[in-house]
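>>> Sequence unavailable; structure follows:
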C-alpha cells in the first residue's frame, strides 16, 4: 500500500492553556479507498477534521486538519492512527502519525511583533523619506516569550493583496506607497497591521526661465529672471543655480528655489543666454535656458539738406527739404521709425528745421538731431525807374535813375538796356 502522510509526525510546540493550535496533514490514499476514521491519542485536547479525505476514492492526496487545545500545563506525546478503507470491501490500512505538544501557562493573547527595515541606493533607507532609487524591504518577526511561535508574516502595498513574506522584496514604482505588514503566531493571534510610507522620486523637475518677462532685447546688463519649476507628485523642487554658460552653471553654488532673481549679463552687446538648473529634494536635476539680445548702444540720427534750388551767396530760391539719416549697430531701427523729411517753406536768412530723435528696436532713443539752418528767398526784387519818366524824349546822352528793392535777401545788382526807335539796344 502507498497509504502515507506528510509529515509523518506533528509538533504543536508550546500551546497556552485553553488555546487551540491547528496543523495541516497531507494524506496519500490508495485507489478505491477513503479515510474512514482516526484513533486520536489518549491525551485529551486532540481533534481531527477529515475534510476531503472522507470522499476520496481515486489515488491522490487529500488534507486533514489536526488541532490541539491544551487543557493543562504539561507535555504530551502520543500517536494518532488514520485508517483508509476500501469502497468495494472491508479491507483497511492504517497510517501512524506521532504527535507532540506542550501546554503552557496562561492563554496567549499577545501577537507577534514585526520589524521592518529597508535599503535604497546602496544605503539604509528611512521610511517616510524620499529616495531616487528603488527600496528593498526586509521583515523580521518575533513572538512573545513563552508564546506559540510565529506562523507567518504578511505584507501588502497600498492596501492591495496580502502576500506571505519569504525573502526581502523590492518596491520600485514612483510615488508615495503605503506598506502594511503583520505577523500571525501559531495560536492564531494576529498582529495589528503596521504602516510604513515609502516615497520614490526618479523624475527630474520640469521648469522654465524667462529673461525680463520674455523680452527680445535688454538695454542694461542687469535683468530679472522669471522662474518656474514643478516636480509633479515627487519630492518637490528644492534648489536652483545659474550661469551664463553651461560650464558656469554646472559649477555654480546652489540656492533655495524662488520664482524670481536679479541677474547680470556679460557686458558686451549681443545675444546672451542664461542657464538654470532645478534640483528636487532627492537630487534629480533638470536644465533649461533663455536668450535675450543685449543692446546698450544708442542709435544715431543726422539731418541734412536733400532738396531745394540753390541761388547765389548761399541762398535758396525755393522751399528746402531736410532729410534724416538713422543708424543703429545693435537691435536696428524699426521700419518707418526714422523721422520723415521736413519741408522748409518760410523765407528769411535763418530758416531752421526742427530737431528730432529716433528709437531703436530695443527702446533706446538717440540724441536729438542737429538743427539745419538755411537762407531762403523765393521772391524776386522789384525795380522802380524814376528818370526819365515814361514817354519823355531823351537825347543821346541822358540821365537814368531807378530804385531797386528786395525784402528778403536784399538787392545785389541792377542791369538795364536802352532800345532806340530804330530797334537798336544799348545795355
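Received, thanks. Note that the structure is a prediction, hence the values are computed from the model and not measured.

>>> Quick check: buried residues in stretch 188-201?
189, 191, 194, 196, 198, 199, 200, 201 (16 or more other Cβ atoms under 10 Å). (Glycine included, C-beta is placed from N, CA and C.)

>>> Least confident of the residues you listed?
Lowest in pLDDT among these is residue 189, which has 87.

>>> Could you list the low-pLDDT ranges of this protein?
1, 56-58, 106-109, 396, 418, 420-427 (pLDDT under 70).

>>> can you put the buried residues of stretch 188-201 in a markdown table and add secondary structure and distance to residue 170?
Formatted as a markdown table, the buried residues of stretch 188-201 follow (DSSP: H, G, I helix; E, B strand; the rest coil; distance: Cβ to Cβ, whole Å):
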| residue | secondary structure | distance to residue 170 |
| --- | --- | --- |
| 189 | coil | 29 |
| 191 | coil | 23 |
| 194 | strand | 19 |
| 196 | strand | 14 |
| 198 | strand | 10 |
| 199 | strand | 15 |
| 200 | strand | 11 |
| 201 | coil | 16 |
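
>>> and of those, the nearest to residue 110?
residue 189 (6.7 Å; Cβ to Cβ).

>>> residue boundaries of the strands in the stretch 251-400 of the chain?
Taking DSSP state E, counting those that start in this stretch as the test, the strands found in the stretch 251-400 of the chain are 255-256, 260-264, 270-280, 285-294, 300-307, 315-316, 320-327, 342-344, 348-352, 373-376, 382-387.

>>> for the chain, what spans make up the helices?
246-250 (DSSP state H).

>>> Looks like residue 41 contacts residue 66 (just checking).
No. Here residue 41 does not reach residue 66: they are 10.2 Å apart, not a contact under Cβ atoms under 8 Å.

>>> Find residues that contact each of the two.
80, 99 (Cβ atoms under 8 Å, 6 or more residues apart in numbering).

>>> In contact with the closest residue to residue 74 other than its chain neighbours, which residues?
Sequence neighbours aside, residue 103 is the residue nearest to residue 74 in space, at 5.3 Å (criterion: Cβ to Cβ, 6 or more residues apart in numbering). Counting by Cβ under 8 Å, 6+ apart, residue 103 touches 15, 16, 17, 45, 70, 71, 72, 73, 74, 75, 76.

>>> Beta-bridge partners for the first one, please?
To tie it back to what came earlier, the one meant is residue 15. In this entry, residue 15 is beta-bridged to residue 103, by DSSP bridges.

>>> same check, this time on residue 136
If you apply DSSP bridges, the partners that residue 136 bridges to are residue 119, residue 170.

>>> The residue lying closest to residue 199 once chain neighbours are set aside and residue 173, how far apart?
Nearest non-adjacent residue to residue 199, counting by Cβ to Cβ, 6+ apart: residue 130, 4.5 Å away. Distance of residue 130 to residue 173, computed by Cβ to Cβ, to the nearest Å: 14 Å.

>>> Find residues that contact each of these two.
With Cβ under 8 Å, 6+ apart as the test, residue 130 and residue 173 both reach residue 200.

>>> more crowded one of those two?
residue 130 (19 against 11; other Cβ atoms under 10 Å).

>>> how about the strands in the stretch 1-150 of the chain?
4-6, 9-16, 20-29, 33-39, 46-49, 60-69, 74-86, 92-104, 113-120, 123-125, 130-131, 135-142, 150-157.

>>> What degree of burial does residue 272 show, as a neighbour count?
So residue 272, with other Cβ under 10 Å, has 20 neighbours.

>>> Does it touch residue 244 like I think?
Yes. Judged on Cβ under 8 Å, residue 272 makes contact with residue 244 at a distance of 6.9 Å.

>>> Need the overlap of contacts for those two.
265, 266.
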